[in-house]
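Enquirer: I'd like to go over a predicted model; first the sequence, then the structure.
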Amino acid sequence: MIGVVLVDDHVVVRSGFAQLLSLETDIQVQGQYSSAAEAWPMLSRQPVDVAVLDVAMPDENGLSLLKRLRARRPGFRAIILSIYDTPAFVQSALDAGASGYLTKSCGPEELVQAVRSVGMGGHYLCADALRALRGGAQPAKVLEVLTPREREIFDLLVKGESVKAIAAQLDLSHKTVHVHRANVLGKLQCATTIELVHFALENQLLTGHG
């Protein structure tokens, strides 16, 4: 079960998220707060798998709150929620330690997907944020949205390995590799493996792990 805490000063948004997440059998909303000051006592002391933090709050913004929480609890995992999708803003969230980033124009299914990905130890950037980063100065940061296994698949795909070869090398079924490949393409906004290779070449992502 993935425990989630919601911090957003807009009660309609917050309650809507809570209702949406409560429909999922593997997600439990552990708390809802309207400000950083309200949320701090719980988030700084109680175990939480994922916190969804709004950036714009009246007392303290979500990035500042996240920095304080990670100073207290280095492994703290959070998804930043914002109306902004500029490269600088997305990058600042990642630099603050965010494991996920959603813009308020994202669909409800993305919230659920983001909570699952972050709750299971991965990263998640919505399409708007991903496009912003891809246009920014540090494309290697884009790969942080991939899980460790997806990163392995990415590295092998861009080196020209086939699905069959990857399956044999990683001791996975062909179907599992196809699923990971689809996830990699989707997260990196690429339609084909060829496009993925071009993306890697353009951004010098073929050597090491950046």
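Expert: Looks like it arrived, so ask away.
Enquirer: how is this structure divided into domains?
Expert: Domain segmentation of the chain under automatic domain parsing yields 2-134, 146-202.
Enquirer: how distant is the first one from the center of its chain?
Expert: Between the centre of domain 2-134 and the centre of its chain there are 9 Å (C-alpha atoms, centre = their mean, to the nearest Å).
Enquirer: mind listing the helices for this structure?
Expert: With helices called from DSSP state H, the chain shows them at 11-22, 36-43, 62-72, 87-95, 108-119, 127-134, 148-158, 163-170, 174-187, 193-202.
Enquirer: make TSV from those helices and add distance to Ile79 and mean neighbour count to it.
Expert: Heads up, the C-betas are built off the backbone N, CA and C, glycines and all. Output for these, formatted as TSV (distance: least, C-beta to C-beta, whole Å; neighbours: other C-beta atoms under 10 Å):
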stretch	distance to Ile79	mean neighbour count
helix 11-22	11	15
helix 36-43	13	18
helix 62-72	10	19
helix 87-95	9	18
helix 108-119	5	19
helix 127-134	11	20
helix 148-158	18	19
helix 163-170	29	15
helix 174-187	15	17
helix 193-202	24	15
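Enquirer: mean pLDDT for those helices: which is lowest?
Expert: The weakest mean pLDDT among the helices of the chain belongs to helix 127-134, with a mean of 76.
Enquirer: wait, what's in contact with the closest residue to Glu24 other than its chain neighbours?
Expert: Once flanking residues are discounted, Glu24 sits nearest to Val112: 6.0 Å by C-beta to C-beta, 6 or more residues apart in numbering. Applying C-beta atoms under 8 Å, 6 or more residues apart in numbering, we find Val112 in contact with 20-21, 24, 27.
Enquirer: tell me the spacing between Val112 and Cys106.
Expert: For Val112, the distance to Cys106 equals 11 Å [C-beta to C-beta, to the nearest Å].
Enquirer: cool, and Val50?
Expert: Distance from Val50 to Cys106, by C-beta to C-beta: 15 Å.
Enquirer: likewise His178?
Expert: The value you get for His178 to Cys106, if C-beta to C-beta is used, is 26 Å.
Enquirer: mind listing what Ala96 touches?
Expert: If you count contacts by C-beta under 8 Å, 6+ apart, Ala96 has them with 63, 66-67, 70, 80.
Enquirer: including distance to Leu143, could the residues you listed go into TSV?
Expert: Listed next are these as TSV, based on distance: C-beta to C-beta, whole Å:
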residue	distance to Leu143
Leu63	22
Leu66	21
Lys67	23
Arg70	21
Ile80	18
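Enquirer: quick one: contacts for the spatially most central residue of the chain?
Expert: What sits nearest the mean C-alpha location of the chain, by C-alpha atoms, centre = their mean, is Tyr124, with 1.7 Å. For Tyr124, the contacting residues are 79, 99-102, 113-114, 117-118, 145, by C-beta under 8 Å, 6+ apart.
Enquirer: how about Ile2, nearest residue that isn't a chain neighbour?
Expert: Leaving aside its sequence neighbours, Ile2 sits nearest to Gly119 (C-beta to C-beta, 6+ apart; 3.5 Å).
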